[in-house]
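Engineer: from the sequence below, what's the structure:
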Amino acid sequence: MEERNELYPVFLKVNKLNILVVGGGNVGHEKLHFLFKSSPNAQVEIVAKWFLPETEELAKKHGAKLIKGRYRKKYLRKKHFVIAATNDARLNKRVHRHAKKRFLLANIADTPELCDFYMGGIVNKGHVKIAISTNGKSPTTAKRLRQFFEEVIPENVNQMVENLNEYRKSIKGDFEAKVEQMNTITESLIVKKESDD
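Structural biologist: From the prediction side, this is the model:
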């Protein structure tokens, strides 16, 4: 039987969740960069013995708290999830162990077997957001798919979403009736694409 991706995609309101990032080097910076790119108001604390200047700049820009010093398990208090992004495998595993004792979700950089979630490729066009996962197998494939979707999704998609939202509010009837009408209206989006092939 072919192996399949059993991850369940969710979209987190990280502006309402408390996140800890452990690591101030390149990997930590990359995680922060993509987190803030997608969610500029994410609530983040970063702990590390040292920080790249660009990480300090990014943290300042987004109001993230920098804690200069060694990681301690007390930093997990009142956190919803943690990202361990240091170049010290033993430290990353310790963060994972502490997180599991507290039932916190953890992402341990470059260690898929210790990850409760992956930070996949993200396409963002206004209200439309597409997350891409390769089940932790190929970040490069996720990157290429992201570039593809960024090109094919029209720039005016946000206006279409807004218009459909206003129309949905004006429809009378129960939930099923509204779904049926919205399906009929948006059907042309799929039909048009198929006829282009």
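
Engineer: do you know how far Thr141 is from Tyr118?
Structural biologist: Between Thr141 and Tyr118 the computed distance is 13 Å (C-beta to C-beta, to the nearest Å). The C-beta positions use only the backbone N, C-alpha and C, and glycine is treated the same way.

Engineer: can you give me the distance of the residue most central in space within the chain to Ile108?
Structural biologist: Among the residues of the chain, the smallest C-alpha distance to the mean C-alpha position (C-alpha atoms, centre = their mean) belongs to Met119, namely 5.2 Å. Computed as C-beta to C-beta, the Met119 to Ile108 distance reads 12 Å.

Engineer: again with Ile122
Structural biologist: For Ile122 relative to Ile108 (C-beta to C-beta), the value is 20 Å.

Engineer: neighbour count winner among the two?
Structural biologist: A side-by-side neighbour count of Ile122 and Ile108, using other C-beta atoms under 10 Å, places Ile108 first with 22 against 19.

Engineer: right, and Ile132 touches Gly121 too?
Structural biologist: Yes: here Ile132 lies in contact with Gly121, judged by C-beta atoms under 8 Å, at a distance of 3.9 Å.

Engineer: from Tyr8, how far off is the nearest residue to Leu17 once chain neighbours are set aside?
Structural biologist: For Leu17, the nearest residue in space outside its immediate sequence neighbours is His80; the separation is 4.2 Å by C-beta to C-beta, 6 or more residues apart in numbering. According to C-beta to C-beta, His80 stands 17 Å off from Tyr8.

Engineer: model confidence over stretch 159-176, on average?
Structural biologist: For stretch 159-176, mean pLDDT is 80.

Engineer: what do you get for stretch 8-23?
Structural biologist: Averaging pLDDT residue by residue across stretch 8-23 gives 96.

Engineer: now the strands: where do they sit in the chain?
Structural biologist: Taking DSSP state E to define them, one finds strands in the chain at 18-22, 43-48, 65-68, 81-84, 105-108, 121-125, 128-132.

Engineer: mind listing what's buried in the last one?
Structural biologist: If you call a residue buried by 16 or more other C-beta atoms under 10 Å, then strand 128-132 has these buried ones: 130-132.

Engineer: domain parsing for this structure?
Structural biologist: 18-119, 120-153, 158-196 (automatic domain parsing).

Engineer: now for Leu91, how many residues are close by?
Structural biologist: Counted with other C-beta under 10 Å, residues neighbouring Leu91 total 15.

Engineer: got the phi and psi for the residue lying closest to it once chain neighbours are set aside?
Structural biologist: Spatial nearest neighbour of Leu91, chain neighbours left out: Tyr71 (6.4 Å); criterion: C-beta to C-beta, 6+ apart. Phi and psi for Tyr71, reported as degrees, to the nearest 10, are phi -70, psi 140.
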